[in-house]
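> next input, structure requested:
(one chain, ligands or ions: 1)
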Amino acid sequence: MSVLNGKNVLLGVSGGIAAYKTASLVRLLIKAGAHVQVVMTPASLDFVTPLTLSTLSKNPVYSTFYNEEEANATWNNHVELALWADYMLIAPATANTLSKMASGTCDNLLMATYLSAKCPVYFAPAMDLDMYIHPTTKINFDKLQSFGNTIIPAESGELASGLSGEGRMAEPENIIQFIEKDLESKLPLKGIKVLITAGPTYEAIDPVRFIGNHSSGKMGFDIATAAANLGAEVVLVSGPTHLQMKHNLVHLIRVTSADEMYEVCHQHYESSDVAIAAAAVADYKPKNIATQKIKKTETTFTIELEKNKDILLSLGQLKKHQFLIGFALETENEIDNAKIKIEKKNLDLIVLNSLNDKGAGFGKPTNKVTFIDKDFNIFENPLKSKELVAEDIVNLIVKKYAN
Ligand code: CTP
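Predicted coordinates:
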């Protein structure tokens with residue numbers, strides 16, 4: 001999944017021949033999952049039509065401060081556009097537009113939007129080779145970079161003038177790749193390895209029957225996605241679930257029983273920085289697994305169970321550098337029981353679910369959790385979607401690594 005997925009990208013188009021390539025650029029941004037809006041300078045309208053960019057971006061395209069053709073002309077709010085954007089990309093950025101950006105000249109909607117933008121700004125210069133190496137251009141590049149804007153260097157090749165050299169706007173594919181790489185390198189969990197358990201475990205009784213539970217695995221999968229979205233490399237060890245995982249930073253290992261989950265977790269624990277036990281591991285398993293299907297000959301039937309190994313307890317005992325997070329599902333004396341689990345399992349944080357809270361727990365899309373850290377600081381949260389709970393958990397990890 002691209003880092004641009006779900007992000008709002010504001011594309012600013014200025015008037016150079018490379019503007020014709022912005023059709024491909026918008027298409028690639030949409031393909032990466034971004035929401036795109038386009039602002040054009042008046043000069044760029046000669047090179048590419050707003051209709052083309054509007055069709056591809058599925059949004060209106062803006063080039064003036066108000067819509068002249070409307071009977072009651074409405075104002076195109078540049079501040080709103082700028083604040084909507086997670087990222088702004090100015091491509092092509094002509095020498096003229098770059099000079100205005102550097103000096104703060106505000107004579108069109110694109111410039112007003114640029115000056116209102118608080119988000120990261122990328123610019124892809126496009127001009128003839130002599131203009132590209134002119135000292136003023138160099139000064140403008142330096143100035144814009146000193147503002148925190150990022151240059152996407154021009155490429156070499158044939159230019160509209162007939163000359164050949166540096167100054168051609170980077171190809172749309174290369175612009176997208178550049179931005180994705182740059183954003184990935186700045187993600188707060190880049191280089192952090194996270195091990196996560198999820199889902200139920202199935203404990204075999206015979207070849208066709210098992211003891212299991214109703215865990216959907218959603219909480220663990222959502223945490224894995226949230227961590228990977230922030231750049232973490234995730235190993236997700238999941239019991240049986242229908243959930244799928246497509247994130248390229250999540251390595252999903254499917255297991256069935258608690259014993260298998262235990263083995264896989266221990267293989268990956270040492271190299272992990274963070275471990276999160278979100279699985280609903282079966283506490284007990286049949287002592288003996290029948291090799292053949294058990295026939296219903298008896299009127300009553302007893303299965304002898306033995307305790308499963310506690311994966312989280314073992315990870316706590318082996319803990320060196322790892323930040324260890326456990327879950328607790330309690331029905332009474334919730335806080336006290338959770339505190340006991342923190343100490344017993346040597347946790348850094350516990351995520352407490354209370355079954356007394358409506359809308360929380362197994363099979364529900366929402367969860368209401370309380371965080372308790374190892375110093376017994378308590379953080380209550382309102383009822384939220386599991387995706388938002390996952391983001392809260394991952395943000396606590398970000399805070400830890402920000403220090
Ligand atoms: N856990 C685990 N392995 C087990 C059992 C539990 O890794 N065999 C983990 C769960 O993933 C969860 C935490 O331990 O993060 C708490 O599990 P829970 O079942 O609530 O607590 P227990 O320690 O089993 O205690 P209780 O007897 O209260 O159920």
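
> list phi and psi for Ala91.
phi -150, psi 120 (degrees, to the nearest 10).

> distance from the chain centre to the lowest-mean-pLDDT helix or strand in the chain, please.
Least confident helix or strand, the chain: strand 366-367 with a mean of 84, by mean pLDDT, DSSP states H and E. Relative to its chain's centre, strand 366-367 lies at 20 Å (CA atoms, centre = their mean, to the nearest Å).

> over to stretch 106-126?
For stretch 106-126 - counting by CA atoms, centre = their mean - the centre lies 25 Å from the chain centre.

> same check on stretch 231-247?
14 Å.

> and the residue nearest the centre of the chain, how far is that from Val194?
Closest residue to the average C-alpha location of the chain: Asn229 at 2.4 Å, with CA atoms, centre = their mean. Distance of Asn229 to Val194, given as CB to CB, to the nearest Å: 12 Å. Quick note: C-beta positions are derived from backbone N, CA and C, even for glycine.

> the helix or strand following the least confident helix or strand of the chain: which residues count as buried?
Going down the chain from strand 366-367, the next helix or strand is strand 369-373, by DSSP states H and E. Neighbour counts over strand 369-373 (16 or more other CB atoms under 10 Å) mark Val369, Thr370, Phe371, Ile372 as buried.

> likewise for stretch 163-177?
Here stretch 163-177 shows Gly165, Glu166, Gly167, Arg168, Met169, Ala170, Glu171, Pro172, Ile175, Ile176 as buried, counting by 16+ other CB under 10 Å.

> could I get the buried residue list for stretch 229-249?
Of the residues in stretch 229-249, those buried (16+ other CB under 10 Å) are 229-241, 243, 245, 247, 249.

> again but with stretch 119-128, I slipped
Taking 16+ other CB under 10 Å as the criterion, stretch 119-128 shows Pro120, Val121, Tyr122, Phe123, Ala124, Pro125, Ala126, Met127, Asp128 as buried.

> which strands and helices lie in contact with the least confident helix or strand of the chain?
Under the contact criterion of 3 or more CB pairs under 8 Å, 6 or more residues apart in numbering; DSSP states H and E, strand 366-367 touches strand 384-385, helix 386-402.

> residues from this protein in reach of the ligand?
197, 258, 277, 279, 281, 283, 308, 310-312, 326-329, 341 (CB under 6 Å from any ligand atom).

> just the strands from the stretch 151-300 of the chain, written as ranges.
155-158, 164-168, 193-198, 203-204, 210-211, 233-238, 250-254, 274-277, 284-286 (DSSP state E, counting those that start in this stretch).

> could I get the ones you listed as JSON lines with mean pLDDT?
Listed next are the strands of the stretch 151-300 of the chain as JSON lines, based on pLDDT from 0 to 100:
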{"stretch": "strand 155-158", "mean pLDDT": "92"}
{"stretch": "strand 164-168", "mean pLDDT": "92"}
{"stretch": "strand 193-198", "mean pLDDT": "98"}
{"stretch": "strand 203-204", "mean pLDDT": "98"}
{"stretch": "strand 210-211", "mean pLDDT": "98"}
{"stretch": "strand 233-238", "mean pLDDT": "98"}
{"stretch": "strand 250-254", "mean pLDDT": "98"}
{"stretch": "strand 274-277", "mean pLDDT": "98"}
{"stretch": "strand 284-286", "mean pLDDT": "98"}
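
> I appreciate the help and will end here.
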